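Visitor: next comes the sequence, and after it the predicted model I'd like to discuss.
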Amino acid sequence: MTAATKTIEQRKIKARRVRLAAVPYLLLLPAMLAMAAVSLYPMIDGARASLHKYRYGIDAGYTGVENFRNIYNDAVFWQAVETTIRFILIAVSIETVLGLLLALLVARELRFLGLIRVTLILPMTIAPVVVGVIWRLLYASNIGIIDPLFRLLGLGTPDVLAHPTSAFVGLVAVDVWEWTPLIFLIILAGLESMPQDPLEAARVDGASALQVFFHHKLPLLRPVLLVAVVLRTIDAAGTFDQIFVLTKGGPGTATQLIAIYSYNTAFLFNQYGHAMAMMISLLAFLLLLMVAAVHLMRRSSELLE
């Protein structure tokens, strides 16, 4: 075989390897284009809109950071921020505790374990809009079951969605019901992949179940818990569907999270630039949260090693 023939064969082999290496990316290309169309383009267009002023829904020109200055002087925006933070703190805390308890329960050998797991994750599989409709019917004063249940217990009729405090509590209850399964699944995966040797050694040394949990299981679960809390916090910060169906941010502004306020600003008052400035600010906060979470996870991993 001549040198020229060898060179041609090597080029063919190299070209074949390149084609084979490119196949997975070509298969992913349609999905990547779809994701770019529904997420990347709106994000870029939103960033552009946040730097423009709109009058009656019509672009009135570039204004720089004026929209950002306006939202920082907007009392209703800061009220929405406060409501959002309160909602995240309460809902995510309850979901984390319940998810941990459920994961510890299901990690044990129980009868009908498969059925229990499927039942626990069912709420998470329902579309958020459908969840909002279901709970709106449950909360309804005329056909729901919440008011009759309270009357049966002699506690009066709360009429949940009609009062600021009860509406907020009702919204938290919906979120806990729907998203506790997500934290439950993440923690359960962490429990099932946890090394058993340190736990067995602790039991052999005479440690009680509580000591094993607090001194061994919980430290090993710390990175998993952090991942679950961060993912849930990011998702909770953008909660929209359930609130829109249940209360539309009311009564008053009791359940008006940032997502709802920005929606109202954009589509009720046609202030797209103002609304996009809010969402870009929220996105910047979530990115900072993700960076801090990654740093904490790295530190936790290093300490465990």
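Guide: The structure has been received and is ready for your questions. Owing to the predicted nature of the structure, the values given are computational and were not obtained by experimental measurement. Residues are numbered from 1 along each chain as shown.
Visitor: for the rest of this, base every contact and every neighbour count on C-alpha atoms.
Guide: Will do.
Visitor: for stretch 54-71, give the mean pLDDT please.
Guide: For stretch 54-71, mean pLDDT is 83.
Visitor: so where's this structure shaky on pLDDT?
Guide: Scanning the chain with the threshold set as pLDDT under 70 gives 1-6, 8, 109-110, 300-305.
Visitor: how does it divide into domains?
Guide: By the record's domain assignment, the chain is partitioned as 3-49, 66-304 (automatic domain parsing).
Visitor: give me the contacts around the helix or strand harbouring Ile243.
Guide: Here Ile243, judged by DSSP states H and E, is contained in helix 241-246. Outside helix 241-246, the residues within contact range by Cα atoms under 8 Å, 6 or more residues apart in numbering are Pro128, Val129, Val131, Gly132, Val133, Trp135, Arg136, Leu161, Leu171, Gly249, Thr255, Ile260.
Visitor: so after that helix, what's the next helix or strand?
Guide: Downstream of helix 241-246, the next assigned helix or strand under DSSP H and E is helix 258-267.
Visitor: list the buried ones in that following helix?
Guide: Going by neighbour count (16 or more other Cα atoms under 10 Å), the buried part of helix 258-267 is Ile258, Ala259, Ile260, Tyr261, Ser262, Tyr263, Asn264, Thr265, Ala266.
Visitor: okay, those in a markdown table with distance to Leu20 next?
Guide: Output for the buried residues of helix 258-267, formatted as a markdown table (distance: Cα to Cα, whole Å):
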| residue | distance to Leu20 |
| --- | --- |
| Ile258 | 47 |
| Ala259 | 44 |
| Ile260 | 47 |
| Tyr261 | 49 |
| Ser262 | 46 |
| Tyr263 | 46 |
| Asn264 | 50 |
| Thr265 | 50 |
| Ala266 | 47 |
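Visitor: show me which of the residues you listed is closest to Asp235.
Guide: Nearest to Asp235, judged by Cα to Cα, of these is Ala259 at 11.4 Å.
Visitor: show me what contacts that closest one?
Guide: Ala237, Gly238, Thr239, Phe240, Met279.
Visitor: what of Arg151?
Guide: In this structure, Arg151 makes contact with Thr157, judged by Cα under 8 Å, 6+ apart.
Visitor: which secondary structure state does it sit in?
Guide: Secondary structure state of Arg151, per DSSP: H, G, I helix; E, B strand; the rest coil, is helix.
Visitor: for the one 5 residues further on, same thing?
Guide: Look at Gly156: counting by three-state DSSP, its state is coil.
Visitor: what's the burial count for it?
Guide: 12 (other Cα atoms under 10 Å).
Visitor: which phi and psi does it have?
Guide: In terms of degrees, to the nearest 10, the main-chain angles of Gly156 are phi 80, psi -170.
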